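>>> Got a predicted structure here, sequence first:
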Amino acid sequence: MSLIKILDLQSLGDDRGSLVALETHRNIPFDIKRVYYIFDTRNGVSRGFHAHLELKQVAVCVRGSCRFVLDDGHCKEEVVLREPDKGLVIDGVVWREMHDFSEDCILMVLADEYYDENDYIRSYDEFLTYVSERRSIKGG
Ligand code: T46
């Protein structure tokens, strides 16, 4: 199964322009408890480099573009977000990196929980250990 799950957020366009509505359990598959956005990213900077234990998120590039790399410790996949009516679902214990931010990029992220630093795994080695232990427990 692919790590890249893209939601079609359904742009409501008319001759005045476009509008996207984000609604809990309608087009967003969880209760939205937090919204944050990343902008003014310096040229050449990459972000992320962590996994979450529990957090579910949907990332939408509302302006410009950036490239996401998702990694479950087994395979790595990437996707460029550039459409404001497409949302990347990031759930499960997945290492994420964001690269190639365009100068005008505004990356908005919806999350199902409040900010909690204890939910982060910020070391790639710890992430690999965590997912391999989990896999061996699940495998019996
Ligand atoms: C993620 C990717 C896609 C807060 O105080 N509250 C918040 O809600 C967030 C998201 C961050 N912070 C603080 C924590 C750090 O001191 O803001 C600082 C920058 O956060 P961080 O370095 O984690 O940012 P990114 O861009 O590397 O990662 C963020 C999210 O943290 C993360 O959950 O999945 O975007």
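Noted; the coordinates are in hand. Numbers count the residues shown, from 1 in each chain.
>>> How about the backbone phi and psi for the residue lying farthest from the centre of the chain?
Distance from the centre of the chain peaks at residue 15, with 31.0 Å (C-alpha atoms, centre = their mean). For residue 15, the backbone dihedrals (degrees, to the nearest 10) come out as phi -70, psi 0.
>>> What of residue 117?
According to degrees, to the nearest 10, residue 117 has phi -60, psi -30.
>>> Next: the one 5 residues further on.
Backbone dihedrals for residue 122, given as degrees, to the nearest 10, come out at phi -100, psi 0.
>>> wait, what's in contact with the closest residue to it other than its chain neighbours?
Distance criterion C-beta to C-beta, 6 or more residues apart in numbering; nearest residue to residue 122, sequence neighbours excluded, is residue 50 at 4.6 Å. All C-beta atoms are positioned from the backbone trio N, CA, C, and that covers glycine. Residues touching residue 50, when contacts are defined by C-beta atoms under 8 Å, 6 or more residues apart in numbering, comprise 95-96, 120-122, 127.
>>> For my notes, confirm residue 19 occurs in a helix.
No: with DSSP: H, G, I helix; E, B strand; the rest coil as the criterion, residue 19 is located in coil rather than a helix.
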